[in-house]
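Colleague: quick check, what structure comes out for this input:
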Amino acid sequence: MVEFEVTGTTVTMHVRGAHQLLALRDQLNFDLSDISAIGRAGVDRRPPWVRAPGTFFPGVIAAGTFRGKGRKEFWDTRFDGRAIQIDLVGAEVTRLVVDVADPDTELRKLASAAAAA
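Modeller: Next up is the predicted model:
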């Protein structure tokens, strides 16, 4: 699970608990202006094929960095319906698919921060 922190125009995504070990990352930063789309992620979504580095057990967990043709994505989800998807342009990664405690609250928070920036 992750938590988002918005400071000015910078968003810091903090990976919490044992997921730091599974995802091999503890945080990721991007600018609010890098967000091109945001919404809930479907439970049927799957990461790109190349895992580097990270953990993937189909239908159970995807945690870490995944690469596909022209894409670099960060995933931290247990496919239980609590994931949000953030598409980015100009950032270190092109997409985030991550579980959060309350998807609707996080989406509202990020959308309002992006609109205000």
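
Colleague: any idea where the strands of the protein begin and end?
Modeller: Ranges of strands in the chain, per DSSP state E, are 2-7, 10-15, 27-31, 35-40, 50-57, 61-68, 71-77, 83-88, 95-99.

Colleague: and the lowest-mean-pLDDT helix or strand in the chain, which strands flank it?
Modeller: In the chain, no helix or strand scores lower on mean pLDDT, DSSP states H and E than strand 50-57, which sits at a mean of 88. The pairing partners recorded for strand 50-57 under DSSP bridges are strand 61-68 (antiparallel).

Colleague: so which bits of the partner strand are buried?
Modeller: Residues of strand 61-68 classed as buried by neighbour count (16 or more other C-beta atoms under 10 Å): 61, 62, 63, 64, 65, 66, 67. Glycine gets a C-beta too; all of them are placed from N, C-alpha and C.

Colleague: so what's residue 64 closest to, chain neighbours aside?
Modeller: In this structure, residue 64 finds its nearest non-sequential neighbour in residue 54, 1.5 Å apart by C-beta to C-beta, 6 or more residues apart in numbering.

Colleague: typo on my end, residue 77
Modeller: Distances taken as C-beta to C-beta, 6+ apart place residue 83 nearest to residue 77, at 4.3 Å, with adjacent residues excluded.

Colleague: what's the pLDDT at the one you found?
Modeller: pLDDT, residue 83: 96.

Colleague: list just the one of the strands of the chain that sits closest to residue 111.
Modeller: Nearest to residue 111 among these is strand 35-40; the distance by C-beta to C-beta comes to 6.0 Å.

Colleague: right, I'll leave it there.
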